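Trainee: Could you look at this predicted model? Sequence included:
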Amino acid sequence: EVQLVQSGAEVKKPGESLKISCKGSGYSFTNYWIVWVRQLPGKGLEWMGIIYPGDSDSRYSPSFQGQVTMSADKSISTAYLQWSSLKASDIGLYYCARHLDGYAMDVWGQGTTVTVSS
Amino acid sequence: EIVLTQSPGTLSLSPGDRATLSCRASRSLTSSKLAWYQQKPGQAPRLLIYGASNRATGIPDRFSGSGSGTDFTLTINRLEPEDFAVYSCHQYGGFFWTFGGGTKVEIK
């Protein structure tokens, strides 16, 4: 079965660092882009950026450039999204999804909720 | 950055009705790289349509996508109870990808 499994919910304080994960299985992890998408409570989807695990080529949305860092470890079929210093505005539900050129985001993780509160 | 504007914001319909959802891009999309997703409360989005008009695997044929350039449409024929959800369009043709704000299809 093709799936993306994300790490569990996180509760952090402002200024703390965080790294969430997205593990792929059932397919060739290095042949698909991994996309990160944020959803604020009751709001729509926001495209954060994409990374190609095969060579770690990446592209960030201007809204998230410099705010987060995407990475991938192809040896364990896992992509990561990290923050060096969380802010209250970083709260949200973060999804990863796989994307194939000529297709679209066909498989999604279950989402990771990030809460930032002092 | 390409802005996607979806309309209407909310569509109130009854089971069996036809739903017509619009997605307008701020500039023309190359190769019709436009997708539609369905999202229900507490669930991840589900791919319905890619390449503007191609149904994803396992998607019923009551869902159809059309359009090109800047104007795209998702049509749902004969709404089923499980179709009441939020629908978002997404473009992946620009250097930066974007989502529309979503259309909620609710039971009238």
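Mentor: In hand now; what should we look at? Computed from a prediction, not measured in an experiment: that's the story for all the values here. Numbering: from 1, shown residues only, chains lettered A, B, ... in the order given.
Trainee: and the residue nearest to B:S14 when sequence neighbours are not counted, how many residues sit next to it?
Mentor: In space, and not counting its chain neighbours, B:S14 is closest to B:K108: 4.9 Å by Cβ to Cβ, 6 or more residues apart in numbering or on different chains. Just so you know, the C-beta spots here come from the backbone N, C-alpha and C atoms, and that holds for glycine as well. B:K108 has 10 neighbours, counted by other Cβ atoms under 10 Å in any protein chain shown.
Trainee: again, but for A:D106
Mentor: The local packing of A:D106 (other Cβ under 10 Å) involves 17 other residues.
Trainee: distance of it from chain B?
Mentor: The gap separating A:D106 from chain B is 5 Å, by Cβ to the nearest Cβ, to the nearest Å.
Trainee: List the contacts of that residue.
Mentor: A:A97, A:R98, A:H99, A:L100, B:L47, B:Y50, B:A56, B:T57 (Cβ atoms under 8 Å, 6 or more residues apart in numbering or on different chains).
Trainee: and these, which of them are in strands?
Mentor: Those of the contacts of A:D106 mapping onto strands are A:A97, A:R98, A:H99, B:L47, B:Y50, per DSSP state E.
Trainee: quick one on the thing from earlier: can you tell me which of the contacts of A:D106 comes closest to B:Q91?
Mentor: Of all the contacts of A:D106, B:Y50 has the smallest distance to B:Q91: 11.3 Å, by Cβ to Cβ.
Trainee: Now for the residue nearest the centre of chain A: which residues touch it?
Mentor: For chain A, A:W36 is the residue whose C-alpha lies nearest the centre (Cα atoms, centre = their mean; 3.8 Å). By Cβ under 8 Å, 6+ apart, A:W36 lies in contact with A:M48, A:G49, A:I50, A:I51, A:V68, A:M70, A:A79, A:L81, A:Y94, A:Y95, A:C96.
Trainee: Excluding chain neighbours, what is closest to it?
Mentor: Excluding the flanking residues, the one nearest A:W36 by Cβ to Cβ, 6+ apart is A:M48, at 4.2 Å.
Trainee: what helix or strand is the one you found on?
Mentor: Using DSSP states H and E, A:M48 falls within strand A:45-52.
Trainee: Next secondary structure after that strand?
Mentor: The C-terminal neighbour of strand A:45-52 among helices and strands, as given by DSSP H and E, is strand A:57-60.
Trainee: Pairing partners for that next one, with directions?
Mentor: Note on strand A:57-60: by DSSP bridges, its sheet partners are strand A:45-52 (antiparallel).
Trainee: contacts for the strand it pairs with?
Mentor: Residues contacting strand A:45-52 (Cβ under 8 Å, 6+ apart): A:30, A:33-40, A:57-61, A:63-65, A:68, A:70-72, A:79, A:81, A:94-95, A:99, B:37, B:39, B:45, B:88, B:90, B:96-99, B:102.
Trainee: Which ones among these lie within strands?
Mentor: Among the contacts of strand A:45-52, DSSP E puts A:33-39, A:57-60, A:70-72, A:79, A:81, A:94-95, A:99, B:37, B:39, B:88, B:90, B:98-99 in strands.
Trainee: how far away is B:K33 from B:Q91?
Mentor: Using Cβ to Cβ, to the nearest Å, B:K33 is found at 6 Å from B:Q91.
Trainee: B:S66 too?
Mentor: Remark: distance between B:S66 and B:Q91 (Cβ to Cβ) = 15 Å.
Trainee: who has more neighbours, the two?
Mentor: Remark: of B:S66 and B:Q91, B:Q91 carries more neighbours, 27 against 13, as counted by other Cβ under 10 Å.
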